[in-house]
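coords please:
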Amino acid sequence: MGNRQYRQSAGFEEIKRLGDAIIEQLKVSGDYKPMTFSDIKIDKYHYLDEFDKSDDAMEKLKREIDEDEEKLKSEKTLIRGNC
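A predicted model of the protein is given here:
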């Protein structure tokens, strides 16, 4: 499910707002096809999720982004274009 057309801003608050909105959309009942066990097909994928999504990790990431943005504000030489 895409959400680009619903974005109002950037940042962690917007990610939370959109996530909550998507969950609410999924809760809405709709026309679903009945399923029997013969319809089930299982594929196995190995997906390694290496991201710490705890509140502490998110707060640390926010601080790091804020620090980097402050550094960029004081930067005298910005490289633009292809390097």
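
can you list the low-confidence ranges for the protein?
1-7, 29, 32, 78-83 (pLDDT under 70).

all helices for it, in order.
Under the criterion DSSP state H, helices of the chain are mapped to 12-27, 55-74.

out of these, which is closest to Ile42?
helix 12-27 (21.6 Å; Cβ to Cβ). C-beta coordinates here come from the backbone N, C-alpha and C atoms, glycine included.

off-centre distance for the closest one?
Centroid displacement of helix 12-27 relative to its chain, using Cα atoms, centre = their mean, to the nearest Å, is 10 Å.

now swap in stretch 48-66 and tell me
12 Å.

ok, stretch 19-28 next?
How far stretch 19-28 lies from its chain's middle: 14 Å, per Cα atoms, centre = their mean.

gap between Leu61 and Phe51?
Relative to Phe51, Leu61 is positioned 10 Å away (Cβ to Cβ, to the nearest Å).

higher neighbour count, the two?
Neighbours were counted for Leu61 and for Phe51 using other Cβ atoms under 10 Å; Leu61 has more, 13 against 9.

now stretch 20-31 - C-alpha only, CSV.
Only the C-alpha atoms of stretch 20-31 are listed here, as CSV (Å, rounded to 0.1, in the frame of the first residue of the first chain):
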residue,chain,number,x,y,z
ASP,A,20,-1.6,4.7,12.1
ALA,A,21,-3.7,5.7,9.1
ILE,A,22,-2.7,2.6,7.2
ILE,A,23,-3.6,0.4,10.1
GLU,A,24,-7.0,2.0,10.3
GLN,A,25,-7.5,1.4,6.5
LEU,A,26,-6.7,-2.3,7.0
LYS,A,27,-9.2,-2.6,9.8
VAL,A,28,-12.1,-1.5,7.5
SER,A,29,-14.0,-4.5,6.3
GLY,A,30,-14.3,-4.9,2.6
ASP,A,31,-15.2,-7.5,0.0
